[in-house]
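*Asks:* Need coordinates for the below:
(chains A and B)
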Amino acid sequence: MNGTESAAEIVAAVKTGAATARQVVETALARIERHDKRLGAFTDVVAERALRTADAVDAGPKGPLAGVPFAVKNLFDVKDLVTRAGSKINRENAPAQRDATLVTRLEAAGAVLVGALNMGEYAYDFTGENAHDGPSRNPHDLAHMAGGSSGGSGSAVAGGLVPLALGSDTNGSIRVPSSLCGLFGLKPTYGRLSRAHTFPFVASLDHLGPMARTTRDLALSYDAMQGFDDADPALSKRPLEPTETRLKHVVPAGRIAMADGYFTGEGVARAAVAQVAAALGVSRTITLPDVPAARAAAYLITMVEGASLHLDRLRKRAQDFDPDVRDRLLAGAMLPGVWVQRAQKVRRVYRDAVVKLFDEVDVILAPATPMQAPRLGQKTALFGGAELPVRPNMGIFTQPISFIGLPVVSVPVWLAGESLPIGVQVIAAPWREDIALRVAYQLEEMGAVRAPVAKEFANG
Amino acid sequence: MSEAEKLMAAAAELLRLTLEPDYVPGVTAHLEVAVKMAALLDQVELDDETEPAWIYRP
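*Replies:* Below you'll find the predicted structure:
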């Protein structure tokens, strides 16, 4: 094993005795040591804890993620680490007293936490550039962005440092780095996975989920993380709904459509959706109503809820924020309340209209990002012919979907002649993560999407 | 002074926020985007009975 295996391959090796969890984790730690200086993915490595956990896995029963090294965006609580949430300010806090619920669940399934990952400050970011810790770099081209705000998660998995990472997604922060780094990323239904003991951003929009290099790895980890947790007030009490054993159930092409109108996209974004649709034999299109208003509503709710969360820090420590984040939050603090109330009403109306579309189809395809990874430091790009800031606009296609909490798998597409990947969103009805994962698996099996470790990091 | 700048000056005082001069261009730009976003909300017809989508369970 060279450390670039999938989670499923690692589990098989550990269960059959072909490798021990300790060997797997030592290999992962060595790769982090060797490569992370160039990637900027990790902010903390918990080597001692990881080796101790690996030894416990080797000594005990082998769970469904036995021996799988994983890492988490640094807004997840990790016992004895400071939960910095990408900020300068929060790193002055005391270390966490316990692990986030999802960390506990993955370790209960046999996975081994190896560290915490770089992220955009307070998750208000689509670039993966952190003003305090430096950028997470895109392993497929180190001069380009990893995407954000779960940039370290994208960089670590695409660079083959770990097969699995957790991120958060408020407006696209799992799907954007998955698209830019060429990974599979799952943003589950709002209320599906516990957010307990993580640092929030916009409580009414925050989701957590996994990023990986195969659909099966997404499903294995997602299945291990499900379950009620009364420490998250938004969590559903739905029963466990395992997905991994059902991945091979094909979703009929007649039940899949491409989103048109707002979601048509341009250039590589449009081509990526067309490539995925062609592989699935899909030509049907479907129109989501009122999407610009939905995106606007998500945008405003984010500004105001984010500002509310940080108001005291804005009063006392404004100079210690990343200026790009600070200015958006300050503006959010000043918005009229009636806008937010109207935005929440738009959310209700838009949700009802979109959910009705799932009477006609099971899956809607849409671009994940409007373009491939911009260069690090790039401030503006062409969006629909207009030059606009990169930071808020990389999420134009993800924001209207997470706004109403739909489950999405971002799948990685490599277009002919292109050196960077781009993602396509596979969107399903609420609580049907299984369907989105099945379509992603179908595409992966036919070779239409793939998430290789970046060439520069593929060998040792 | 633009509408956004007037709003910013008044709101900062009410909220006890200090706006250093170098913050002003960025905050103004974000407020101007927000004003455009809010205008988009008006394009959706809402009944008086429409419930907002807050998550709250008693």
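
*Asks:* in the longest helix along chain B, what's buried?
*Replies:* Secondary structure of chain B read by DSSP state H shows that its longest helix is helix B:24-41. Within helix B:24-41, the residues that count as buried by 16 or more other Cβ atoms under 10 Å in any protein chain shown are B:Val24, B:Gly26, B:Val27, B:Thr28, B:His30, B:Leu31, B:Val33, B:Ala34, B:Met37, B:Ala38, B:Leu40, B:Leu41. Backbone N, C-alpha and C define where each C-beta goes, glycine included.

*Asks:* so what's the residue nearest to the last one when sequence neighbours are not counted up against?
*Replies:* The reference is to B:Leu41. Nearest non-adjacent residue to B:Leu41, counting by Cβ to Cβ, 6 or more residues apart in numbering or on different chains: A:Arg342, 5.0 Å away. Shown in contact with A:Arg342 (Cβ atoms under 8 Å, 6 or more residues apart in numbering or on different chains): A:Ala297, B:Ala38, B:Leu41, B:Leu46.

*Asks:* Which members of those define the maximum pairwise distance?
*Replies:* Greatest spatial distance among these (Cβ to Cβ): B:Ala38 and B:Leu46, at 13.7 Å.

*Asks:* does A:Pro188 really touch A:Asp223, like I thought?
*Replies:* No - counting by Cβ atoms under 8 Å, A:Pro188 stays clear of A:Asp223, with 11.2 Å between them.

*Asks:* packing partners for the helix or strand hosting A:Arg216?
*Replies:* Using DSSP states H and E, A:Arg216 maps to helix A:215-225. Applying 3 or more Cβ pairs under 8 Å, 6 or more residues apart in numbering or on different chains; DSSP states H and E, we find helix A:215-225 packed against helix A:7-16, helix A:101-108, strand A:184-187, strand A:207-212, strand A:408-413, helix A:433-445.

*Asks:* angle of that helix against strand A:207-212?
*Replies:* Taking axes from the mean of the first three to the mean of the last three Cα atoms, to 10 degrees, one finds helix A:215-225 and strand A:207-212 inclined to each other by 140 degrees.

*Asks:* can you list contacts of helix A:215-225?
*Replies:* Applying Cβ under 8 Å, 6+ apart, the set of residues contacting helix A:215-225 from outside is A:6-8, A:11, A:63-65, A:70, A:102, A:105-106, A:108-109, A:111, A:163-164, A:184-186, A:188, A:193-194, A:209-212, A:240, A:242-244, A:247, A:409, A:411, A:433, A:437, A:440-441, A:444.

*Asks:* out of these, which are buried?
*Replies:* With burial judged by 16+ other Cβ under 10 Å, the buried subset of these is A:6-8, A:11, A:63-65, A:70, A:102, A:105-106, A:109, A:111, A:163-164, A:184-186, A:188, A:193-194, A:209-212, A:243-244, A:247, A:409, A:411, A:433, A:437, A:440-441, A:444.

*Asks:* tell me which residues form a beta bridge with A:Ala366?
*Replies:* Residues in a beta bridge with A:Ala366, per DSSP bridges, are A:Gln425.

*Asks:* just to revisit the earlier point, please report the distance of the residue nearest to B:Leu41 from B:Ala39.
*Replies:* According to Cβ to Cβ, to the nearest Å, A:Arg342 stands 11 Å off from B:Ala39.

*Asks:* Which residue comes closest to the residue nearest to the spatial centre of chain B once chain neighbours are left out?
*Replies:* Geometric centre of chain B, nearest residue: B:Ala34, 5.6 Å, by Cα atoms, centre = their mean. The shortest distance from B:Ala34 to any non-neighbouring residue, by Cβ to Cβ, 6+ apart, is to A:Leu335 (5.7 Å).

*Asks:* so what's the one you found up against?
*Replies:* A:Leu335 makes contact with A:Leu300, A:Met303, A:Val304, A:Ala307, B:Leu31, B:Ala34, B:Ala38, according to Cβ under 8 Å, 6+ apart.

*Asks:* what's the closest of those residues to A:Val426?
*Replies:* A:Leu300 (27.4 Å).

*Asks:* Please identify the helix or strand for that closest one.
*Replies:* helix A:291-317.

*Asks:* In this model A:Ala12 seems to touch A:Pro64, though I could be wrong.
*Replies:* No - the criterion here is Cβ under 8 Å, and A:Pro64 misses it with A:Ala12 at 11.2 Å.

*Asks:* where's A:Gly160 relative to A:Asn118, distance?
*Replies:* Applying Cβ to Cβ, the value for A:Gly160 to A:Asn118 is 16 Å.

*Asks:* who's more crowded, those two?
*Replies:* Neighbour totals were compared for A:Gly160 and A:Asn118, and A:Asn118 leads with 34 against 25 (other Cβ atoms under 10 Å in any protein chain shown).

*Asks:* if I pick the residue nearest to the more buried one when sequence neighbours are not counted, what's in contact with it?
*Replies:* Nearest residue to A:Asn118, sequence neighbours excluded (Cβ to Cβ, 6+ apart): A:Gly152, at 3.4 Å. Counting by Cβ under 8 Å, 6+ apart, A:Gly152 touches A:40-43, A:71, A:73-74, A:117-119, A:128, A:136, A:146, A:165.

*Asks:* switch the cut-off to 10 Å
*Replies:* Residues near A:Gly152 by Cβ atoms under 10 Å, 6 or more residues apart in numbering or on different chains: A:36, A:39-43, A:71-74, A:86, A:115-120, A:128, A:130, A:133, A:135-137, A:146, A:161, A:165, A:167, A:177.

*Asks:* Which of these fall in helices?
*Replies:* Among these, the members found in helices (DSSP H) are A:Asp36, A:Leu39, A:Pro177.

*Asks:* Output these in JSON lines; the columns should cover distance to A:Gly405 and pLDDT.
*Replies:* Shown next, in JSON lines, are these (distance: Cβ to Cβ, whole Å; pLDDT from 0 to 100):
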{"residue": "A:Asp36", "distance to A:Gly405": "34", "pLDDT": "98"}
{"residue": "A:Leu39", "distance to A:Gly405": "32", "pLDDT": "98"}
{"residue": "A:Pro177", "distance to A:Gly405": "20", "pLDDT": "98"}
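
*Asks:* for those, which one is nearest A:Phe457?
*Replies:* Checking these against A:Phe457 with Cβ to Cβ, the nearest one is A:Leu39 at 7.9 Å.

*Asks:* burial measure for the closest one, as a count.
*Replies:* 28.

*Asks:* what is the mean pLDDT for the helix holding A:Arg216?
*Replies:* The pLDDT scores in helix A:215-225 average 98.

*Asks:* Can you show me the strands along chain A?
*Replies:* Per DSSP state E, chain A carries strands over the ranges A:42-45, A:69-73, A:112-117, A:164-169, A:184-187, A:207-212, A:256-259, A:285-286, A:363-367, A:380-383, A:386-389, A:408-413, A:422-428.
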